[in-house]
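Asks: Generate a structure from the sequence data that follows.
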Amino acid sequence: MVENQTKIKTINRRLSTLRGFSRYLTSLQVLDLDFMEGIQNVGIGTPTKTQEKTQDIVDRFRESLSKDKKASPNTVKNYISDVRNFLAWTSEFDIDNQKGKLPNGI
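Replies: So this is what the prediction gives:
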């Protein structure tokens, strides 16, 4: 799946589904063996401290939108998606070497 450019989250969601299905079949005694036992999610490496801090800030922003601003779940989802897309964009753009210049077209 990784070679097919399937997103890591999608792969991990599918693995989680298969783990649950395997446990279910084992609990019904349809299978003698949990065929997903020991299969873990794929990863993209250990998150850096910056990534952990960023995730914490995004999580707190989500909580703030939900509690303080009383935003709808759909609004919260869209805001968080926009923030994550922005953060992904900034991580691809080498701001330090651009001396504050934005890419062409911005």
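
Asks: Tell me how the chain divides into domains.
Replies: 1-44, 46-106 (automatic domain parsing).

Asks: and those domains, which one is worst for confidence?
Replies: When those are ranked by mean pLDDT, domain 46-106 comes last with a mean of 78.

Asks: Which residues belonging to the helix or strand that contains Gln55 are considered buried?
Replies: Following DSSP states H and E, one finds Gln55 within helix 49-67. The neighbour-count check on helix 49-67 (16 or more other C-beta atoms under 10 Å) flags Thr54, Arg62, Leu65 as buried. Placement of C-beta: from N, CA and C, glycine included.

Asks: so what's the last one up against?
Replies: Contacts here follow C-beta atoms under 8 Å, 6 or more residues apart in numbering; on that basis Leu65 touches Ala71, Thr75, Val76, Tyr79, Ile80.

Asks: before we move on, what about the first one?
Replies: Contacts for Thr54 (C-beta under 8 Å, 6+ apart) come out as Leu87.

Asks: mind checking how far it is from Phe61?
Replies: Look at Thr54 and Phe61: by C-beta to C-beta, to the nearest Å, they are 11 Å apart.

Asks: got it, and Glu37?
Replies: For Glu37, the distance to Phe61 - C-beta to C-beta - is 38 Å.

Asks: Check Asn12 too.
Replies: 23 Å.

Asks: again, but for Thr6
Replies: Taking C-beta to C-beta, one finds Thr6 at 28 Å from Phe61.

Asks: tell me which element the closest residue in space to Asn12 that isn't next to it in sequence is part of?
Replies: Leaving aside its chain neighbours, Asn12 sits nearest to Asn41 (4.2 Å; criterion: C-beta to C-beta, 6 or more residues apart in numbering). Per DSSP H and E, Asn41 falls between elements, in no helix or strand.

Asks: How far does stretch 11-30 sit from its chain's centre?
Replies: 21 Å (C-alpha atoms, centre = their mean, to the nearest Å).
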